[in-house]
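Asks: need a 3D model of the following:
(one chain, ligands or ions: 3)
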Amino acid sequence: MSETGVIKCKAAVAWEQGKPLTIEDVEVAPPKVHEVRIKIVASGVCHTDQEYLTGKGMKFRPFPLVLGHEAAGIVESVGPEVTTFSPGDKVIPLFLPQCGECEQCLSPKTNLCRKNWANAQAGVMADGTSRISYKGQQVYQFLGVSSLSQYTVVADTSLAKIRSDAPLDKVCLLGCSVSTGYGAAINAAKVEENSSCAVFGLGAVGLAAIMGCKAAKANRIIGVDVDPEKFNKAKLFGATDCLNPKEHTNKTIQEVLLDMTNGGVDYALVCVGSPVVMTSAFESTRDGLGTCVIVGWSETDAISVKVEKILMGRTLKGTYFGDWKSVDGVPKLVDDYMNKKLKLDEFITNNLPLEKVNVAFEDMKNGKGICTVINLWPE
Ligand SMILES: NC(=O)c1ccc[n+]([C@@H]2O[C@H](COP(=O)([O-])OP(=O)(O)OC[C@H]3O[C@@H](n4cnc5c(N)ncnc54)[C@H](O)[C@@H]3O)[C@@H](O)[C@H]2O)c1
Ligand SMILES: [Zn+2]
Ligand SMILES: [Zn+2]
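Replies: Numbering: from 1, shown residues only. Ligands and ions are numbered 1, 2, ... in the order given. Have a look, this model is predicted:
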């Protein structure tokens, strides 16, 4: 560390859209008021990082930036007025804050805290600047986190303190994909006992949604994916049936599901960022009772919904971070993992050092494996 408190460390920098990341020596400034600097120990790479890098379905955000928003680490230092964290605390940074004070935090009906929202989307902290720089040039922070860096700085409202015995290279997945999919089933859809569910897309988010449907004791859980390689894992997490839409050439996938379930599923969870799949999922739910939850990400696409299908009493909703109030919810999910109520190890299909981060992005693009965990401090 320098005299000014700046830390020099390695980070994977995205210099421009569509280009591989490069490992650079960056400088991470000390935390300002209500900010915390953390040593990132492990980080997942989520599809949203990939979609941002390729620009698919995402609004433009400035480059260069450090991606990564699904991680776990240790508090290195805290800025002025931080009262809830101390150096050495194990933490999970949160791309969705919970300030506890805004109108939406005070409502039990939503988790969408608006604190620093616009700035985090624009890649900067509350004061309009980023804490990461490269040779004096500002490097933006993705969703207010930037976990593909050995150190980063986050707002104290965008951080969850977790128990000291939690393995950081596993619980990092609770920073995004697993919490999102699991919460989509139990919080957003509110899946009920003995109900029927269809989960579209069996990546990390979809598998976690299946795990949520199973925890809620659904009696039929149908996994849908165009990649049959995902079916074994889906069954491990609780799918009772798996469907490949490509194998049903004379029927739409919604027709197949309506036939299979005698009129439609009670709950459809869409864990693919495709508007066409979202329409299919909505139309595969039951008249009068069906609920479709959109989890797959797009900031630019629109979906097509037939008025009649809504008139027939279906519910269409979306979820951000599985409807968890993030600061409260994440430590409880860590407890659930430690108490063996929640699987995490089974999601991890690869572990790589930071210098191989582009392999993780390539694998994600090619649908290879489920989650790669990046180790920021390989020996
Ligand atoms: N709402 C949120 O807060 C939130 C948080 C995290 C991720 N996401 C989004 O969730 C989505 C899933 O993330 P992931 O990491 O699991 O992605 P992933 O790419 O690992 O999984 C997507 C799966 O969908 C399958 N698929 C593709 N086309 C399909 C089709 N036509 N029908 C059925 N399956 C199809 C793919 O084969 C793949 O297995 C992404 O869009 C991601 O951006 C949303
Ligand atoms: Zn994510
Ligand atoms: Zn808030």
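
Asks: now Asp345. Its backbone dihedrals?
Replies: phi -60, psi -40 (degrees, to the nearest 10).

Asks: now it, nearest residue through space, not along the chain?
Replies: With Cβ to Cβ, 6 or more residues apart in numbering as the criterion, Asp345 has its nearest non-adjacent residue at 6.0 Å, and that residue is Lys170. The way it works is simple: take the backbone N, C-alpha and C, and place the C-beta from them, glycine included.

Asks: flag the shaky bits of the chain, pLDDT-wise.
Replies: Scanning the chain for pLDDT under 70 picks out the ranges 1-3.

Asks: up against ligand 2, what does it have?
Replies: Taking Cβ under 5 Å from the ion, the part of the chain that reaches ligand 2 is made up of Cys46, Thr48, Cys176.

Asks: report the buried members of those residues.
Replies: Burial by neighbour count, judged by 16 or more other Cβ atoms under 10 Å, picks out Cys46, Thr48, Cys176 from the residues of the chain next to ligand 2.

Asks: and the last one, what is it in contact with?
Replies: The contact partners of Cys176, taken as Cβ atoms under 8 Å, 6 or more residues apart in numbering, are Gly44, Cys46, Thr48, His69, Glu70, Phe95, Phe321.

Asks: tabulate those residues (CSV), appending secondary structure.
Replies: Putting the contacts of Cys176 into CSV (DSSP: H, G, I helix; E, B strand; the rest coil) gives the following:
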residue, secondary structure
Gly44, strand
Cys46, coil
Thr48, helix
His69, coil
Glu70, coil
Phe95, coil
Phe321, helix
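
Asks: contacting ligand 1 as well, which ones from those residues?
Replies: Residues of those in contact with ligand 1 (Cβ under 6 Å from any ligand atom): Cys46, Thr48, Phe321.

Asks: tell me the one of those residues nearest ligand 2?
Replies: Set against ligand 2, the nearest of the ones next to ligand 1 among the contacts of Cys176 by Cβ to the ion is Cys46 (3.0 Å).

Asks: wait, isn't the closest one in contact with Ala71?
Replies: No - with the criterion set as Cβ atoms under 8 Å, Cys46 and Ala71 do not qualify as a contacting pair; they are 10.1 Å apart.

Asks: Lys105 should be in a helix, yeah?
Replies: For the record, residue 105 is Cys, not Lys. Yes - the assignment for Cys105 is a helix, going by three-state DSSP.

Asks: any idea where the strands of the stretch 51-200 of the chain begin and end?
Replies: Assigned by DSSP state E, counting those that start in this stretch, the stretch 51-200 of the chain shows strands spanning 65-66, 71-78, 90-93, 132-134, 137-141, 151-155, 159-161, 196-200.
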